[in-house]
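Colleague: give me the fold of what follows.
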Amino acid sequence: MSKLDQIDKKILNRLQEDSRTTTKELSSEVGISTTPVYERVKRLEKDGYIKKYVALVDKDKVERELTVFCQVSLKSHLKKNIQQFQEHMLGLPEVMECYHMAGNFDYLIKVMVRNMKEYQKFVVEKLTTTDVIDHVQSLFVMGEVKQETKFPLK
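Modeller: Next comes the predicted model:
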């Protein structure tokens, strides 16, 4: 994997702001011609700096108004339990993010659903159907202060 220079960082910063930025626009912004910009973007993709391109959807417009962070503790930390829990999370579309944690609980998951009734159904019919979970603590988001997807690269 190659080291990033300032032009690579400018390209990555711009694509994080708007992944639909054209090669021509990038070329103008970073001060090199379109062919080298195109080659750099392809290299950044190949080297894994750019994982994928996505559209950020307004959660309210698609009726995902309730965001819940769940602190999950497992019954034991056996490798098979960890694998079973992680595989279970991968199959739940309501789970937007899942992090293996150190501290007072084992996992932090971010769940997005329409409302409280749908969250209750999710917990009863989906989340807790695996027998490796010991405890779930739900934290309900009252309002978003900051949500960022861009890593500032300098």
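Colleague: thought residue 126 was touching residue 89?
Modeller: No. When contacts are counted by C-beta atoms under 8 Å, residue 126 is not listed as touching residue 89 (10.2 Å). For glycine as for every other residue, the C-beta is placed from the backbone atoms N, C-alpha and C.
Colleague: the spatially most central residue of the chain: what secondary structure?
Modeller: By C-alpha atoms, centre = their mean, the chain has its centre lying nearest to residue 97, at 5.6 Å. At residue 97, secondary structure determined by DSSP: H, G, I helix; E, B strand; the rest coil is strand.
Colleague: so it touches residue 112, yeah?
Modeller: No. Residue 97 sits out of contact with residue 112 when judged by C-beta under 8 Å, with a separation of 9.5 Å.
Colleague: skipping adjacent residues, who's closest to the spatially most distant residue from the centre of the chain in space?
Modeller: No residue in the chain sits farther from the centre than residue 33, which is 32.8 Å out by C-alpha atoms, centre = their mean. The spatial neighbour of residue 33 that comes closest, neighbours along the chain excluded (C-beta to C-beta, 6 or more residues apart in numbering), is residue 27 at 5.9 Å.
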